[in-house]
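Engineer: need a structure here:
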Amino acid sequence: MLWILLVAIAVALYSVHHIINKHIISDELKDPAVASFISSAVIFPVFFLITLLYGNFSIRPGLATVLMFVGFIDFISSFLYFSSLEKGKVSRIIAIVHTFPIFVMILGFLFLGETFALPEYAGMIMIVMGSVLVSHHSKNRGKIDMSIMLAFAVAIIVAVRVVIVKEVTILTVVFNMLFWIALGRMMTGIGMFYYHHPHIIKKCKKGVEHQILNSFLTPFAYIATLLAISLVPASLVSSFLSIQTLVIFLAVIVLSKMHSKIISESLDRKTVVYKLSGILFIVTGTILALLFF
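Structural biologist: Okay, the predicted model is just below:
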């Protein structure tokens, strides 16, 4: 099934992207506004070129407006994402962001008429529950963590974006959508950049360069996700994207042991048990959802 391949590509690209972003935003750039602007500045020419080669710039004005709004909320979610990533652990932040399939299921049912058999719902919910368990961190128990609150805000915005995009894919092909999404995102980014007046000093130069390079992963992961959403229900794609939490958790363990200067997260025994339970939920939920789709 093509959609599974597309989701797998998106998961791989996004996972690498998130891990590198954590290092850049926490250790080098330390500025969510600049990071969001750079990401938008990279996405715009890539989406412009792809639309020029494979799509059509001429779409109905109403659709263009909707897609520019998608770009606007994309930028807002990007800024909140970098803000939460700067404050929190990447394995936790991405796990919380990937609770968004729950919101997609609700919105998809209300606005898209998406329904599934009970085993499919169970599988998707297990994937999301597994993501939440992977995000467990015993030291923050009982405390209000601003990074987690920001990550939940990202999850809600991403869910709204997914549902809007799914509806638009019924009316036009994915490659016709890219330029307008990028335009809305870029215009928002320019506005924030103008008011933010960041001082990109020498010590941030390396962070800027790394962010530019890393941002080239985003448009291709984004396109793979949009294509998958155009083929199957948005709720299903969203749930399978949550497998990123498993990939990132395993990558964090390896990097913490072998390259602690890039990523370093301490894990106590209780936390490991929670995270392994989460992995079991994710794997079981994935199998369940696939078997009954």
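Engineer: OK, contacts around Thr218?
Structural biologist: Residues in contact with Thr218 (Cβ atoms under 8 Å, 6 or more residues apart in numbering) are Leu13, His17, Ser39, Val42, Ile43. For every residue, glycine as well, the C-beta is placed using N, CA and C.
Engineer: Please report how far it lies from Ile59.
Structural biologist: As defined by Cβ to Cβ, to the nearest Å, Thr218 lies at a distance of 23 Å from Ile59.
Engineer: ok, now Ala153?
Structural biologist: If you go by Cβ to Cβ, the gap between Ala153 and Ile59 works out to 30 Å.
Engineer: Same question for Phe79.
Structural biologist: For Phe79, the distance to Ile59 (Cβ to Cβ) stands at 27 Å.
Engineer: okay, those two: which has more neighbours?
Structural biologist: Using other Cβ atoms under 10 Å, the more surrounded residue of Phe79 and Ile59 is Phe79, with 22 against 19.
Engineer: In terms of helices and strands, where is that one?
Structural biologist: Remark: Phe79 resides in helix 61-87, with elements defined by DSSP states H and E.
Engineer: That helix: which residues count as buried?
Structural biologist: Along helix 61-87, these residues count as buried under the neighbour rule (16 or more other Cβ atoms under 10 Å): 64, 66-87.
Engineer: same question, stretch 274-293
Structural biologist: Taking 16+ other Cβ under 10 Å as the basis for neighbour counts, the residues of stretch 274-293 that come out buried are Tyr274, Lys275, Gly278, Ile279, Phe281, Ile282, Gly285, Thr286, Leu288, Ala289, Phe293.
Engineer: Where does Ser264 sit: helix, strand or coil?
Structural biologist: Assigned state for Ser264: coil (three-state reduction, DSSP: H, G, I helix; E, B strand; the rest coil).
Engineer: per-residue confidence for it?
Structural biologist: Looking at Ser264, its pLDDT reads 75.
Engineer: What about the residue nearest to it when sequence neighbours are not counted, how many residues nearby?
Structural biologist: Using Cβ to Cβ, 6 or more residues apart in numbering and skipping the chain neighbours, the partner closest in space to Ser264 is Ser256 (5.2 Å). The burial count assigned to Ser256 is 16, neighbours taken as other Cβ under 10 Å.
Engineer: ok, Ser256 touching Leu250?
Structural biologist: No - when contacts are counted by Cβ atoms under 8 Å, Ser256 is not listed as touching Leu250 (10.9 Å).
Engineer: ok so, going back, out of the contacts of Thr218, who has the most neighbours?
Structural biologist: The member of those surrounded by the most neighbours (other Cβ under 10 Å) is Ser39, with 28 neighbours in all.
Engineer: and that one, what element?
Structural biologist: With the criterion set as DSSP H and E, the secondary-structure element containing Ser39 is helix 32-54.
Engineer: list the helices and strands that helix packs on?
Structural biologist: In terms of contact count using 3 or more Cβ pairs under 8 Å, 6 or more residues apart in numbering; DSSP states H and E, helix 32-54 is assigned the packing partners helix 61-87, helix 174-196, helix 205-215, helix 217-231.
Engineer: Could you check the angle the longest one makes with helix 217-231?
Structural biologist: Put plainly, it is helix 61-87. For helix 61-87 and helix 217-231, the angle between their directions (axes from the mean of the first three to the mean of the last three Cα atoms, to 10 degrees) works out to 130 degrees.
Engineer: This completes my enquiry, with thanks.
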